[in-house]
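**Q** Just the structure for this:
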Amino acid sequence: MPSPLNHQLFRVLSIILLGSHVFATKAADVPSVCDALIEPSVLSIDKPLENIKANRGDSLVLRCAFYASPQPNIVWYHRGKRLENHPAAQFETLLSATNLGQSVVESAFRIDCLDERTAGEYFCEATSPCTQPAVTSSTVSIIKAPKSITGTCKAHRQSVQSPPLISVFTLSRIELPGGVTQLACRTRGNPAPKTKWYKIEEDESLSSIEGQRNYMHLPNGDLLIVGDEETISESFRCVAENSLGSVHQDSSVIYMLA
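**A** Modelled structure (predicted):
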C-alpha cells in the first residue's frame, strides 16, 4: 500500500496531467468545498496601499498584501480600468481539503514612468471563493516638475524591454503536517523572466529544488510542496532573472497541528 505522502503526490500529479478539464470541473464544486471547511475561510488586508507623491518620470512599484485562506485571486485597477489579473493558487481547493493553510500573499505593480497618464487612483483587489472581496487603494500624484518629461515617458512606454518584477508571491504559509502547499512566484518583465526556486538551508546556504523529493516547479513559476509528517518549518527563495537583471523573494512555511 502506498504511503500517505506518495498518495498525496499521486493526486497532485493527476491534477497536473488532467489540466484544464479538472479546473473546469472543480469550479462548479466551489460551494461544496467552502461548506466542507472545518474552520471558516479568511481574507483580510495585511499590507494596504499607501498614497504616493513622486516626480514626473519616476519609476514606482506599488505593493499590497493579504492574509488569506485559501490564497486569493488578485486584480490591479487604475482609474477603474483593469490592468492585471493574477489567478489564485488552485491546489488548495482542487484537493478538497477540510482544513486550508493560511498565507500572506503580496502583489506588486510597476509604474514604469510617472506622468499624467499613469497618475491617479490605483486599486488592489483580492477575491476568494468563500469570502467577501478585500480592496485597498492608493492615490499616486505628481510633484511639480517640467512637463517636458511627459514625452520621455511616452517613449519609455514604447520600449520593448523591462527588468524582472515578482508580481505575486506567497510570503509565508501555515500548513498542516503532510499538507500540499503552493507558493506563488509570478513574474513580469520583457524578456519574460525565468524563475528558479531554492531551498534555504539552516546555514542560510541555497540548494536547488530540482531533483529533490517533494518539490515541483510548476510551469507558471509557482512551487508545489508535498509536506511530510516530520518537517516543522522550511524556507525557500524564488529568483527571477532576465537580461536586464535579477530579483528574488523569500518565503517561509510552518507546519502546525490543527
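**Q** what pLDDT does I38 get?
**A** pLDDT, I38: 76.
**Q** Report the spatially closest residue to it, excluding sequence-adjacent ones.
**A** Nearest non-adjacent residue to I38, counting by C-beta to C-beta, 6 or more residues apart in numbering: T98, 5.0 Å away. For glycine as for every other residue, the C-beta is placed from the backbone atoms N, C-alpha and C.
**Q** Can you get me a residue count around the one you found?
**A** Other residues lying near T98 total 10 when counted by other C-beta atoms under 10 Å.
**Q** mind starting the numbering at 59 from now?
**A** With the count now opening at 59, the last piece we talked about shows up as T156.
**Q** show me what contacts it?
**A** 94-96 (C-beta atoms under 8 Å, 6 or more residues apart in numbering).
**Q** Return the helix or strand in the chain with minimum mean pLDDT.
**A** Least confident element among the helices and strands of the chain, by mean pLDDT, DSSP states H and E: helix 78-85 (a mean of 43).
**Q** Touching, N143 and N131? I think so.
**A** Yes: with contact defined as C-beta atoms under 8 Å, N143 counts as touching N131 (7.2 Å).
**Q** Strands along the stretch 209-316 of the chain, start to end?
**A** 220-233, 238-241, 243-248, 252-258, 264-266, 273-275, 281-284, 291-300, 303-313 (DSSP state E, counting those that start in this stretch).
**Q** most packed of the ones you listed?
**A** Of all the strands of the stretch 209-316 of the chain, strand 238-241 carries the top mean neighbour count, a mean of 25, counting by mean count of other C-beta atoms under 10 Å.
**Q** Could you list the paired strands of that strand along with their orientation?
**A** strand 281-284 (antiparallel) (DSSP bridges).
**Q** Rounded mean pLDDT for the partner strand, please.
**A** 91.
**Q** List the contacts of it.
**A** 63, 66-67, 70, 149, 238-241, 243, 255, 267, 272-276, 292, 294, 296, 311.
**Q** list the contacts for R231?
**A** 159-162, 239, 241, 309-312.
**Q** nearest to I201, of these?
**A** V162 (32.0 Å; C-beta to C-beta).
**Q** how far away is the closest one from E299?
**A** Counting by C-beta to C-beta, to the nearest Å, the gap from V162 to E299 is 24 Å.
**Q** Repeat that for I258.
**A** Taking C-beta to C-beta, one finds I258 at 18 Å from E299.
**Q** ditto for H144
**A** 20 Å.
**Q** same deal with G138?
**A** Taken as C-beta to C-beta, the span from G138 to E299 is 34 Å.
**Q** repeat for C122
**A** 24 Å.
**Q** do the same with N109
**A** For N109, the distance to E299 - C-beta to C-beta - is 32 Å.
**Q** With R244 instead?
**A** 15 Å.
**Q** swap in R271?
**A** 26 Å.
**Q** got it, and V238?
**A** Note on V238: its distance to E299, by C-beta to C-beta, is 27 Å.
**Q** what's in contact with the helix or strand where V193 lies?
**A** Using DSSP states H and E, V193 sits in strand 192-201. Contacts with strand 192-201, where a contact means C-beta under 8 Å, 6+ apart, come from 101-103, 106-114, 118, 120, 122, 124, 130, 169, 172-174, 176-184.
**Q** Among the residues you listed, name the buried ones.
**A** Neighbour counting by 16 or more other C-beta atoms under 10 Å classes 101, 103, 107, 110, 112, 114, 118, 120, 122, 124, 130, 169, 172-173, 176-177, 180-184 among the contacts of strand 192-201 as buried.
**Q** Thanks a lot, catch you later.
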